[in-house]
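**Student:** With the sequence up front, the predicted model follows.
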Amino acid sequence: MTNVHETVASLADEILNDLAGSRTALIYAPNTIGKTRLAQYLKERDPDSVVLYNSFVEDVFTWDNERVVLKVNPASELLETIVTQGLDSAIIDNFQAFTSGRIEPRLDFESGEVGFGIHKGDDSSTDGIKISRAEESIFVWSVYYSVLSEAVETLRDNPELRSTPNYDQLTLAVIDDPVSSMDDVRIVSVALALAELVKRASELDLKFVIATHHALFFNVLFNSLRRRSDRAYVLAQSTAEGWTLAKQSKDAPFSYHLGIVKDIQKAISQNAIERVHFNQFRALLEKKANFLGHTGGWGELLVGPDASLMTKVLNLYSHDRFADIDTSAVAEEYKDAFKSEFQEFLKTFRWADAA
């Protein structure tokens, strides 16, 4: 029987209780379901023992367009760890491995700035490069990944021989969607590297909670971590009841989308459409587009009179990094367009639950 959780605390308790007999909890959930709240709660309930990656960690880094550098918050714990442990070379190596490119970060800890360039050792070298949003995401992930890798390798040492005691209390790594804005090749690269890190930590008292809305990232991790000591789930939320955490036995969590259709239809019938339903609809569109091989993306499947507006709204809501903690109401214009396009989608593509 699947438990229903009215609070994030109750949801976290189920995950942590399951982790007592496993090493990894891999969670699939669309945006706005509550991944950010869950990750933040796990960190806040035991700050010293949890190392967290989520959208708030990304805010440690801000792009300065005038100076063409990535600025780092000098008060960040990550920056302190990088300096103390001398991780600048590891960050550069990991960034270049994940990007498979020639762009090299240059870290200046005194100024709290990171510049990017292509350094060939001759007159054609270039500094002051404006990196893409995807490359920025990869750099931020490379920083976290380097710190986490250092923690794992340190904890693998005999306690008496460890270079630092800073990781001794660490028992949980919480990772919430590190692959935003990345293409599929880089998503696979990040997932495989993370899976190997989890395996290296298998003999430690260090557990992992990894949450994602990206099916490919889930798929790669699921197949790479396919052991009895790992758990996989699909996280869902009912506005009226709360969260459910269903165990997942397959590498693609798409059976979940049949439940999404019912949830959205219920919300429409009760005039209770919220942001979460927009992101659920986008998940349906992405699944169908992948299945049909639409190279132009999921937007091609919106064929009703409100297709243009709905495409803009779905992009707006899905790209809001803090959407799952935003309680703002949905405009009536958006609700009407949503109803129209959702019903058109069901009829056009003959979903079993179509109205």
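**Tutor:** In hand now; what should we look at? Given the structure is predicted, the values throughout are model-derived calculations rather than measurements.
**Student:** Strands of the stretch 201-350 of the chain, residue ranges please.
**Tutor:** 207-212, 230-238, 242-247 (DSSP state E, counting those that start in this stretch).
**Student:** Rebuild the ones you listed as JSON lines, extending it with distance to V147.
**Tutor:** In short, each C-beta sits where N, CA and C put it, glycine included. Formatted as JSON lines, the strands of the stretch 201-350 of the chain follow (distance: least, CB to CB, whole Å):
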{"stretch": "strand 207-212", "distance to V147": "14"}
{"stretch": "strand 230-238", "distance to V147": "23"}
{"stretch": "strand 242-247", "distance to V147": "28"}
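**Student:** how about the helices in the stretch 201-350 of the chain?
**Tutor:** Applying DSSP state H, counting those that start in this stretch to the stretch 201-350 of the chain gives helices spanning 215-224, 256-269, 275-292, 307-318, 332-349.
**Student:** TSV please, covering the ones you listed and showing mean pLDDT and distance to P159.
**Tutor:** Formatted as TSV, those follow (pLDDT from 0 to 100; distance: least, CB to CB, whole Å):
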stretch	mean pLDDT	distance to P159
helix 215-224	84	29
helix 256-269	78	43
helix 275-292	78	45
helix 307-318	86	45
helix 332-349	91	56
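**Student:** Now render those as a markdown table, adding mean neighbour count and distance to D13.
**Tutor:** Shown next, in a markdown table, are these (neighbours: other CB atoms under 10 Å; distance: least, CB to CB, whole Å):
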| stretch | mean neighbour count | distance to D13 |
| --- | --- | --- |
| helix 215-224 | 20 | 23 |
| helix 256-269 | 17 | 22 |
| helix 275-292 | 21 | 22 |
| helix 307-318 | 18 | 29 |
| helix 332-349 | 18 | 34 |
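**Student:** Out of these, which is closest to T154?
**Tutor:** Closest to T154 of the helices of the stretch 201-350 of the chain is helix 215-224 (CB to CB; 23.3 Å).
**Student:** Setting aside sequence neighbours, what's the nearest residue to T126?
**Tutor:** Once flanking residues are discounted, T126 sits nearest to I118: 4.8 Å by CB to CB, 6 or more residues apart in numbering.
**Student:** hmm, back to that, out of the strands of the stretch 201-350 of the chain, deepest packed?
**Tutor:** Mean neighbour count (mean count of other CB atoms under 10 Å) peaks for strand 207-212 among those, with a mean of 24.
**Student:** okay, the angle between that strand and helix 215-224?
**Tutor:** 150 degrees (axes from the mean of the first three to the mean of the last three CA atoms, to 10 degrees).
**Student:** Need the residues that contact strand 207-212.
**Tutor:** If you take CB atoms under 8 Å, 6 or more residues apart in numbering as the criterion, strand 207-212 is touched by 15, 19, 22-29, 35, 38-39, 42, 171-177, 179, 194, 198, 201, 218, 221, 235.
**Student:** again with stretch 126-142
**Tutor:** For stretch 126-142, using CB under 8 Å, 6+ apart, the contacting residues are 53, 57-58, 60-61, 63, 65, 68, 70, 91, 94-95, 98-99, 103, 105-106, 114-119, 178-183, 186, 190.
**Student:** Mind checking which of these are buried?
**Tutor:** 53, 57-58, 60-61, 68, 70, 91, 94-95, 98-99, 103, 105, 114-117, 178-180, 182, 186, 190 (16 or more other CB atoms under 10 Å).
**Student:** Show only the entries of the residues you listed found in strands.
**Tutor:** In this view, those that belong to strands under DSSP state E are Y53, F61, L70, I103, P105, V114, G115, F116, G117.
**Student:** Quick check: pLDDT value at E136.
**Tutor:** Looking at E136, its pLDDT stands at 92.
**Student:** Quick one: residues contacting the residue nearest to L245 when sequence neighbours are not counted.
**Tutor:** Leaving aside its sequence neighbours, L245 sits nearest to Y233 (CB to CB, 6+ apart; 4.9 Å). The contact partners of Y233, taken as CB under 8 Å, 6+ apart, are I15, A25, L26, I27, Y28, L245, A246, K247, Q248.
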